Structures are given as structure tokens and as C-alpha cells.
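Enquirer: Predicted structure and sequence below. I'll ask about it afterward.
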Amino acid sequence: MNLFGLESVNEHDRKEIARRSLNNLLTSYADEADIFNEVIQNAYDSISQAVREGLYTEGEEPTLTIGIGRRNQGHHYLFVADNGLGMTPSVARNLTVPGFSFNKKKGKTLGYKGVGASYFFAASQRISLRTVDRDGSLTEYTVRGSYEWIKNDGEPEPTIDLSAELPESLKTLTPADRGTSIYFQFHDGIKPKNLNGLVVIGEGLSTELKNWVCFLASKTAIGAVEDLGDRSIKLLVSLDLGDEQHQQSWKLGKFERESNVIGYPFPHTVLRTAKSVSEIDLTPAEQRVRHSRKYTGVFNRWTAQQIIELTVSLESEERDRLAQHLLWVDGYLCYSTDVMREINTRLGGRQYLLRHGIRIAVDGIPQGRNVELSLTSSQGLDRQSHIVLSFKGLELDTGRKISADEVIASAVSKIGQRVVGILKEYRWAMKKKDRPDVASDLATWRSSIDSRSQTSLVRELYKARNLAPVFRVDPDNESEVIGLFVSMLGNGLLKGYRLNALSGYARYDALCDIDSQSSEVVDLDDNFSVRDKESGPHGPSKVLEFKYSFDSLITDFEEKTKVPSEIDLVVCWTLPEVNVRRGQIEPTYSQWRDRRGVYAGTYRWIDDNESSSFPVLCLRTMIADMLAKAESLAGSVGMGSAILNQIISADKDSLV
């Protein structure tokens with residue numbers, strides 16, 4: 001019996017076994033990033049080992065070089081070079097033997113894949129290697145025809161030339177002394193066939209190159225999920241379009257695209273509008289409301305011990321296995337799939353670079369495709385979640401690079417479900433789904449502004465008063481309400497108000513000194529003066545609340561995020577209807593102005609059982625009234641009069 005082929009096998013059978021093995025290997029790799037992942041992984045391994053062995057002398061910087069060759073004509077290429085260990089001639093000779101990996105037990109590399117360089121040699125159109133070991137021994141060769149021989153019985157065996165054929169533009173990027181260079185031409189039979197469809201191109205060489213670095217950070221070893229202790233490695237990236245070349249230098253660390261610092265692009269480091277739930281939990285209970293509806297996502301990191309204790313569904317064996325291998329878990333949940341889309345837009349990929357689901361990292365390096373989340377009670381949130389599980393010393397299934405341990409695989413699924421379950425309890429801190437997309441459609445925004453500016457009360461009032469308008473348009477959000485109110489104060493359109501602070505407190509928007517007693521604001525010749533001095537607030541540091549629509553304040557009362565008795569004045573743009581869900585509204589403008597308790601006050605809200613009340617400055621009503629007065633003095637009838645009459649008519653109907 002020739003057990004496992006340990007006895008001699010004839011040459012023909014050896015070749016057939018090798019072909020079948022390599023064909024299975026090509027089939028098991030299906031992701032467009034697999035080539036990048038394998039080649040860069042090997043180079044990263046070599047540099048990391050050289051760092052650990054102290055091989056870098058003073059002035060010698062550990063450097064990983066990556067060249068992207070995107071061509072209009074000819075074959076696209078990937079070039080990866082390192083000044084790490086280099087390979088001895090014997091190692092270089094056996095580099096493509098399936099399962100061979102230098103100085104690693106069971107073929108373990110940093111990612112524990114165990115397939116050596118077999119895959120990227122088998123998948124190439126042409127591949128060249130040049131390596132110099134620590135003793136200065138040079139080995140180089142070029143291999144052609146591997147893919148055709150593996151896939152087609154009638155094709156000749158691959159050819160080997162004992163020289164590395166490199167484009168002239170790459171020779172200056174090849175380490176002169178110790179290190180290894182790989183030049184890989186993409187073959188039409190694998191994914192990707194070329195490099196045109198992986199990242200967004202056409203925005204300039206610098207932007208495209210940054211897109212490529214983000215792509216590599218999402219898929220390969222340069223996107224380490226933690227500090228591996230060797231992050232002083234310099235990353236040099238080159239983009240070659242044939243007639244144009246561009247280079248950039250990057251540092252390895254926490255992802256920051258703008259500063260050319262690369263690491264794993266956790267969603268909250270790409271789009272910095274999410275909040276850690278640990279920070280939310282540290283907020284005093286009375287100030288917790290300040291987080292309400294504020295963030296595009298929430299995230300958290302748990303230690304292995306923390307998440308094991310929180311995941312009560314884990315079996316005893318799963319807990320034991322996780323305790324051996326799991327380091328930490330990082331979870332992210334956003335309020336909409338639009339957020340994930342915006343994150344990927346910022347990364348610059350043609351398709352999603354950072355996908356929903358669970359990402360496995362081993363010894364700091366992300367591996368393989370995402371594991372799908374199997375949610376039951378939280379269906380729909382699986383596409384809004386991104387979870388990273390960091391392991392040490394974990395065996396992965398060759399090719400697919402997922403856990404080969406069924407116990408670990410089961411535990412991973414349970415942890416993913418638990419992470420989503422925890423984070424979804426903080427959805428109250430995330431923006432509502434019906435809010436605008438995270439990505440700004442500038443053309444649509446500009447068009448809407450132009451449309452709104454055609455009928456602007458604000459513009460017409462300022463024009464009538466010979467003032468420079470604060471906006472071309474009427475407000476459509478709370479920020480614009482605040483800006484308009486401040487402008488009206490500064491231009492003398494409002495009397496009796498002086499702001500002390502804006503947004504300096506978690507629950508309410510401003511403190512304001514209110515004068516409802518002096519002769520300046522109590523002037524019967526002024527159409528907007530105080531008429532009922534007893535009903536309005538008076539004195540320093542009164543609580544002022546801004547809203548776009550008054551109705552949203554009623555929602556705050558219902559959700560107990562604001563207390564009616566603590567509010568002295570409300571400024572809003574619109575009050576859609578006098579009949580509100582809680583309390584009652586009475587007008588204090590136009591023919592009802594004798595009830596007015598503050599300058600230019602338009603309404604008064606009274607809580608049920610008359611337990612509390614406050615005046616309301618509805619700016620739309622107020623400005624229509626002011627503009628109608630200006631039009632009357634000018635002997636004309638215009639927009640102000642028309643809109644004021646509509647408001648008066650609607651309020652009369654509501655009061656009836």
C-alpha cells in the first residue's frame with residue numbers, strides 16, 4: 001500500500017495530482033481580493049519576522065511596497081515588494097509547492113492559510129519573483145502558462161525563465177539588498193480580470209490611489225485590526241497607468257484617510273458620526289437625553305470575557321474554546337443601510353468594501369469573506385451591522401478562510417446575534433430612518449433652495465425694511481430657525497430679548513433675558529408690543545426652546561425628554577394647527593394681540609389643567625404680520641398680507 005503517496009509515484013501521476021490539487025485551490029478562491037490578500041500577506045509576514053529578529057539596521061526602514069498597474073492596453077498587474085527576510089535559494093525553489101511555507105509548523109502563516117504561494121502562481125498570466133536572502137544570495141525567475149496548464153489537459157507545462165522580467169518603472173521600487181519582489185499579471189480566467197472595476201477611478205491619480213489603499217485596508221494585511229507591535233512599517237504605494245505614475249507614502253496605524261494613515265477601516269473611523277455606547281452609559285441619567293436621535297450609528301468593543309458572559313446562549317464547550325482563542329469583539333450598528341452605503345462611498349470602492357455581517361480577524365489580520373448574521377428577532381438589522389471578532393491562534397479553513405472549528409463557528413454566530421441585540425437597545429440615540437440620506441445630493445439641495453427662494457417671507461420682510469436678508473429662503477429646520485431669530489435680534493426687528501447662551505445644556509437650547517415690563521416693549525403705538533404684562537415671562541436667564549415645528553415639542557413632552565413647567569419661551573417657525581394633542585393654543589397676534597405677553601408673541605400654550613404655560617413666537621406668523629404691516633404702510637397688498645390672512649383664517653377655523 002502506497003499510504004498517502006509516501007512511496008514513489010511516477011512522474012505522470014505526480015503531475016496529475018498536482019494539477020487536480022491546484023485546480024481545487026483555484027476553485028476554492030472566488031473573491032476579487034484573494035490575489036491581493038495572498039501576495040501582500042506573504043510580504044507582511046516577511047517584514048514582521050524581520051522586525052522580530054532585529055534585522056533592520058540604523059537608518060533602514062521596514063518598507064512594504066505595492067504597485068497597481070492599471071493599463072488601457074496590455075495586462076494589468078500587481079507588484080508587491082518587501083525588505084524583510086528574503087528567501088534562501090532552497091525556499092524560493094519550493095515556494096509554489098502546495099502547503100509549503102517556510103519556518104511555519106503545519107504551513108501556518110500569519111493568517112493560518114497554509115497554501116504557500118501556490119494560489120497566486122497558479123492564477124497568473126505571468127509572474128516574476130526576485131528575492132535576496134540575508135546572506136546576499138539572489139534567486140529570480142519568471143513563470144508563464146500556469147493557469148492554462150492547470151485548466152486544460154492539452155496545454156504544455158508552465159515555462160520557467162531564470163530572470164525576473166519587470167517593467168522599467170518597477171525596478172526602482174525593487175529592494176536592492178535583502179527582500180522579495182513579486183510581479184503578478186492578471187489572467188482573464190480569474191477574478192478580477194483587470195483593475196478597472198474595483199475602485200472608483202477618474203477623479204485624479206491622487207484620489208484613485210487613496211481609493212486603492214482603502215481597498216487594500218479592507219481586504220488585506222495592511223488593514224490590521226489592532227497594533228501588532230510592528231506598525232512602524234512604511235507603506236509605499238504606486239499607481240501606474242502606463243503614461244502616468246503616482247506614488248504615496250502611508251503609515252500603518254488607526255485608519256485616517258485624510259492623513260495617509262492606514263489600518264482596518266472600522267465603520268466609525270470612516271464616518272465619524274457614531275457614538276460609543278460606553279460613552280453614552282457614562283453620561284449622568286439626567287443628561288442622557290442629549291444623545292437622543294443624534295447619531296448615525298452606535299458601536300462598542302467588548303473583551304472576550306465580557307462578551308462570553310453577556311452571551312448566555314453559549315454552550316460550555318463554546319465558552320471554553322472562545323476563552324482559548326477570542327481576544328475581543330467590536331460591534332457597529334447604524335440607523336439605515338444608507339449609512340453603510342455612505343461609508344463605502346468614502347472608501348472609494350466600486351462595490352462594497354466594508355460589508356455587513358461578521359468579519360473574522362486572526363492574530364490582528366482580517367481574513368476572508370464576512371460571515372452572515374443569522375438574526376431572528378432583529379431581522380433587517382443584519383444589513384445595518386458590522387462586527388469584527390479578533391482571535392489568536394485560530395485554524396482557518398483553507399481558501400474560504402473561515403473557522404475550521406465547528407464549535408467556534410457556532411459561537412461566532414451566537415455572539416453576532418448578541419452584539420446586535422445589545423446595540424439595538426440604543427436605537428433611541430440614532431437618527432430616524434426618514435431623515436435625509438447621509439450622503440448629500442448637492443444638485444438636489446441646490447435645486448430645492450432655488451425653488452424655495454421664489455416665495456420667501458424672510459427675504460421680502462428684510463427687503464421691505466431695507467436690511468440684508470439672513471437667508472434667501474424660509475427656514476426648514478431648527479438650525480435655520482435659530483439663525484433667523486438671532487438675525488432678527490441683531491437687526492432690531494425684535495425687542496426685549498437678549499441671548500445669554502446657546503446649546504449649553506443637555507435638555508434645552510438657550511438662556512435668554514426677557515423684558516416684558518419696560519416702556520420699550522410696552523408701547524401701544526407699536527403693533528407688536530406687549531399688551532398683557534401679567535401673562536408673559538420677565539427677568540434674566542429664562543429657558544428658551546427652539547423648534548422648527550411646535551408639534552415636535554409636544555412629542556418631547558410625551559416622551560418625557562422635556563418638562564413643560566421648565567420652559568419660559570418657545571421659538572418655532574411653524575405651528576401647523578392650533579388644535580394640539582396636549583394642552584391648548586390661543587392666538588396672541590393680529591385681532592388677538594391684547595392677550596400678548598411678550599414682544600411679537602404670536603401664541604400662548606397652556607397645559608392641561610392649566611398646570612403650566614408659556615408664550616410661543618411662531619416666526620412664520622410673526623414675519624407675515626410684520627410684512628403685512630410694512631405693506632399697509634406702503635399702500636400695497638403683497639405676500640405678507642396674503643399669507644397672514646391664510647393663517648388667521650386657519651386659526652379661526654381651528655378655534656371654532
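Expert: Noted; the coordinates are in hand. Numbering: from 1, shown residues only.

Enquirer: rest of the way, CA atoms for contacts and neighbours
Expert: Will do.

Enquirer: Show me which residues of the helix or strand of the chain with the lowest mean pLDDT are buried.
Expert: Within the chain, no helix or strand scores below helix 442-452, which has a mean of 72 by mean pLDDT, DSSP states H and E. The neighbour-count check on helix 442-452 (16 or more other CA atoms under 10 Å) flags nothing as buried.

Enquirer: before we move on, what about stretch 534-548?
Expert: Buried-residue list, stretch 534-548, by 16+ other CA under 10 Å: 535-538, 541-548.

Enquirer: Run the chain-centre distance for that stretch.
Expert: 40 Å (CA atoms, centre = their mean, to the nearest Å).

Enquirer: what does stretch 478-489 give?
Expert: 31 Å.

Enquirer: List of residues touching that stretch?
Expert: 470-471, 475, 494-495, 497-498, 546-548, 571-573 (CA atoms under 8 Å, 6 or more residues apart in numbering).

Enquirer: Report the contact partners of residue 150.
Expert: So residue 150 contacts 19-20, 22-23, 122 (CA under 8 Å, 6+ apart).

Enquirer: Recalculate using a threshold of 7 Å.
Expert: The contact partners of residue 150, by CA atoms under 7 Å, 6 or more residues apart in numbering, come to 19, 22-23.

Enquirer: repeat for residue 271
Expert: residue 343.

Enquirer: Tally up the residues packed near the closest residue to residue 191 other than its chain neighbours, please.
Expert: Sequence neighbours aside, residue 32 is the residue nearest to residue 191 in space, at 5.0 Å (criterion: CA to CA, 6 or more residues apart in numbering). The number of residues packed near residue 32 is 15, by other CA atoms under 10 Å.

Enquirer: hey, where'd the strands end up in the stretch 401-550 of the chain?
Expert: 497-502, 510-514, 539-549 (DSSP state E, counting those that start in this stretch).

Enquirer: next one: the stretch 201-350 of the chain
Expert: Ranges of strands within the stretch 201-350 of the chain are 234-240, 245-252, 261-262, 274-276, 297-303, 326-334, based on DSSP E, counting those that start in this stretch.

Enquirer: so which of these is the most packed in?
Expert: Looking across these with neighbours counted as mean count of other CA atoms under 10 Å, the highest average goes to strand 326-334: a mean of 24.

Enquirer: now that strand against strand 297-303, angle please.
Expert: Taking axes from the mean of the first three to the mean of the last three CA atoms, to 10 degrees, one finds strand 326-334 and strand 297-303 inclined to each other by 170 degrees.

Enquirer: Show me what strand 326-334 is packed up against.
Expert: The contact analysis (3 or more CA pairs under 7 Å, 6 or more residues apart in numbering; DSSP states H and E) places strand 326-334 against strand 297-303, helix 304-310, strand 385-391.

Enquirer: And the contacts of the helix or strand hosting residue 182?
Expert: If you go by DSSP states H and E, residue 182 is part of strand 179-186. Applying CA under 7 Å, 6+ apart, the contact partners of strand 179-186 are 75-86, 124-133, 174, 193-194.

Enquirer: could you redo the last one with a cut-off of 8 Å?
Expert: The contact list for strand 179-186 (CA under 8 Å, 6+ apart) reads 39, 43, 75-87, 120, 123-133, 166, 174-175, 192-194.

Enquirer: now do stretch 421-432
Expert: Taking CA under 8 Å, 6+ apart as the rule, stretch 421-432 contacts 277, 291-299, 331-335, 378.

Enquirer: returning to that earlier point: drop anything exposed from the contacts of strand 179-186.
Expert: 39, 43, 75-87, 120, 123-133, 166, 174-175, 192, 194.

Enquirer: can you map out the helices along the stretch 501-650 of the chain?
Expert: With helices called from DSSP state H, counting those that start in this stretch, the stretch 501-650 of the chain shows them at 551-558, 619-633, 639-655.

Enquirer: So which elements touch the second one?
Expert: Contacting helix 619-633 under the criterion 3 or more CA pairs under 8 Å, 6 or more residues apart in numbering; DSSP states H and E are the following elements: helix 457-464, strand 569-574, helix 639-655.

Enquirer: change it to 10 Å
Expert: Applying 3 or more CA pairs under 10 Å, 6 or more residues apart in numbering; DSSP states H and E, we find helix 619-633 packed against helix 457-464, helix 478-490, strand 569-574, helix 639-655.

Enquirer: Out of the ones you listed, which gets nearest to residue 286?
Expert: Go through the helices and strands packed on helix 619-633 one by one with CA to CA and the one that ends up closest to residue 286 is strand 569-574, at 21.6 Å.

Enquirer: what's the angle between the closest one and strand 510-514?
Expert: 110 degrees.

Enquirer: Note down every partner strand of strand 569-574 and its orientation.
Expert: strand 539-549 (parallel), strand 613-618 (parallel) (DSSP bridges).

Enquirer: CA atoms of it as CSV?
Expert: Output of strand 569-574 as CSV, limited to C-alpha atoms (Å, rounded to 0.1, in the frame of the first residue of the first chain):
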residue,chain,number,x,y,z
LEU,A,569,-40.4,80.7,25.9
VAL,A,570,-40.6,78.7,22.6
VAL,A,571,-39.4,80.0,19.2
CYS,A,572,-40.5,78.0,16.2
TRP,A,573,-41.1,78.5,12.5
THR,A,574,-44.5,77.0,12.1
